[in-house]
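Trainee: how would this look folded up:
(one chain, ligands or ions: 1)
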Amino acid sequence: MNLPHRPRRLRRTPALRRMLSETTLSPADFIAPLFIVHGNDISNPIASMPGVAQLSVDRAVAESSKIAALGIPAVLLFGLPATKDAVGQENFADDGIIQQAVRAIKAAVPELVVITDVCLCEYTDHGHCGVLDGEEILNDETLEILQRVAVSHAAAGADVVAPSGMMDSMVVAIRDALDGDGHEQVSILSYAVKYASGFYGPFRDAADGAPAFGDRRSHQMDTANVREAIREVLLDVDEGADMIMVKPALSYLDVIRQTREICSLPIVAYNVSGEYSMVKAAAVSGWLDERTVTMEILTSIKRAGADLIITYHAADACRWLAEN
Ligand code: PBG
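Mentor: Next comes the predicted model:
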């Protein structure tokens with residue numbers, strides 16, 4: 001029988017497969033998240049995220065050096081303040097936990113890109129992403145706080161600020177404040193498309209930022225919607241975002257793909273805490289092979305159209321890539 005099409009010819013050997021691979025991962029694709037706490041020589045493991053810990057600034061500096069040595073270009077910092085209040089004063093304090101961490105990391109590892117999370121939820125006693133009036137989040141009053149936070153992170157030396165609160169017009173407000181304070185060179189990575197997701201569960205332990213009442217559905221998006229995601233992306237591009245984030249990643253690969261098709265800015269996908277913890281839990285039970293599944297997930301996020309992936313697997317993935 002003379003079969004005309006034999007796609008298996010090209011899968012015959014490892015060399016053929018390697019040269020025909022359409023999607024490749026490299027350490028330069030990853031951004032490593034870090035959780036920073038006050039104190040010295042502290043590493044508090046996060047029970048729901050095996051392999052991830054809250055670190056004091058000195059430990060975060062050491063970890064950042066290791067991350068840079070693996071070839072990972074950037075870290076994303078989340079801070080846990082000493083005290084919380086209704087607006088989150090430490091969020092924009094000169095000696096706040098993130099401001100200290102940014103200065104220390106930039107001094108020790110200047111080549112590493114430092115990205116900071118800009119949101120209220122880890123700093124407010126109510127755990128919401130904005131200033132409250134009763135149970136309502138006030139959009140425009142919150143923008144004023146976000147402006148102060150972004151400027152103080154920039155003044156500490158942050159390369160990129162990443163507003164994650166899904167407030168309307170947060171990008172243009174932050175751009176305006178940064179430029180007004182001489183930080184034209186600091187870029188904005190906007191969480192343009194962030195869904196109200198159950199996959200943030202473990203993160204809320206890690207960053208101690210669960211809302212005291214209610215949920216985040218008045219600002220984060222409905223899982224069911226993708227046209228609305230496109231609208232959010234177009235608005236943030238228009239407001240002057242430098243990079244666009246889609247979050248979470250794994251249940252939203254179609255959203256990453258559609259964003260890629262309409263947006264020429266770099267797209268960053270956040271492989272979130274719950275996606276990480278599911279793999280870890282299955283791996284310790286012996287139900288999945290951690291390395292195979294992790295590399296499959298990361299490759300699929302890149303294949304969907306992401307340029308960069310924020311992932312708690314970053315360091316492991318680099319070690320596995322180096323063994324290949
Ligand atoms: C809010 C923020 C959250 C995450 C990143 N920034 C939590 C939330 O919106 O409730 C989640 C990240 C993850 O799950 O890994 N500042």
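Trainee: where does the stretch 1-150 of the chain get nearest to the ligand, which residue?
Mentor: Residue of the stretch 1-150 of the chain nearest the ligand, by Cβ to the nearest ligand atom: C119 (3.6 Å). For glycine as for every other residue, the C-beta is placed from the backbone atoms N, C-alpha and C.
Trainee: any low-confidence regions in the chain?
Mentor: Within the chain, not a single segment meets pLDDT under 70.
Trainee: where along it do the strands fall?
Mentor: Counting by DSSP state E, the chain has strands at residues 30-37, 43-45, 53-56, 74-79, 113-118, 131-133, 136-138, 160-163, 187-194, 243-247, 267-271, 308-311.
Trainee: which secondary structure elements does the second one contact?
Mentor: In terms of contacts (3 or more Cβ pairs under 8 Å, 6 or more residues apart in numbering; DSSP states H and E), strand 43-45 is packed against strand 53-56.
Trainee: how about the strand it packs on and the ligand, touching?
Mentor: No. Applying Cβ under 6 Å from any ligand atom, one finds strand 53-56 out of contact with the ligand, separated by at least 13.5 Å.
Trainee: contacts for that strand?
Mentor: 34-46, 63, 80, 206 (Cβ atoms under 8 Å, 6 or more residues apart in numbering).
Trainee: returning to that earlier point: between the strands of the chain, which one is closest to D181.
Mentor: strand 160-163 (12.1 Å; Cβ to Cβ).
Trainee: which residues sit in contact with the closest residue to K84 other than its chain neighbours?
Mentor: Counting by Cβ to Cβ, 6 or more residues apart in numbering, the nearest residue to K84 once its immediate chain neighbours are dropped is D125, at 4.2 Å. Neighbouring residues of D125 by Cβ under 8 Å, 6+ apart: K84, D85, A86, A212.
Trainee: correct me, but the third one touches H128?
Mentor: No. Taking Cβ atoms under 8 Å as the contact criterion, A86 and H128 are not neighbours in contact, 9.9 Å apart.
Trainee: okay, the two: which has more neighbours?
Mentor: Neighbours per residue (other Cβ atoms under 10 Å) separate A86 from H128, with H128 holding more: 27 against 13.
Trainee: so what's the more buried one up against?
Mentor: L120, C121, I137, P211, A212, G214, R216 are the contacts of H128 under Cβ under 8 Å, 6+ apart.
Trainee: now the two most distant members of those.
Mentor: Of all pairs in the contacts of H128, the most separated under Cβ to Cβ is L120 and G214 at 14.5 Å.
Trainee: tell me which of those two has more neighbours.
Mentor: L120 (27 against 13).
Trainee: and the more buried one, how close does it get to R257?
Mentor: 31 Å (Cβ to Cβ, to the nearest Å).
Trainee: got it, and P248?
Mentor: 15 Å.
Trainee: off-centre distance for stretch 35-52?
Mentor: Distance of stretch 35-52 from its chain centroid, counting by Cα atoms, centre = their mean, to the nearest Å, is 17 Å.
Trainee: more neighbours: P248 and R257, which one.
Mentor: Neighbour tally, P248 and R257, criterion other Cβ under 10 Å: the higher count belongs to P248, 22 against 16.
Trainee: for the residue lying closest to the more buried one once chain neighbours are set aside, which residues are in contact?
Mentor: Spatial nearest neighbour of P248, excluding adjacent residues (Cβ to Cβ, 6+ apart): V272 at 4.3 Å. By Cβ under 8 Å, 6+ apart, the residues touching V272 are S197, F199, Y200, F203, K247, P248, A249.
Trainee: so the third one versus A206, what's the distance?
Mentor: Put plainly, it is Y200. Distance from Y200 to A206, by Cβ to Cβ: 10 Å.
Trainee: ok, the last one next?
Mentor: Applying Cβ to Cβ, one obtains 17 Å for the distance of A249 from A206.
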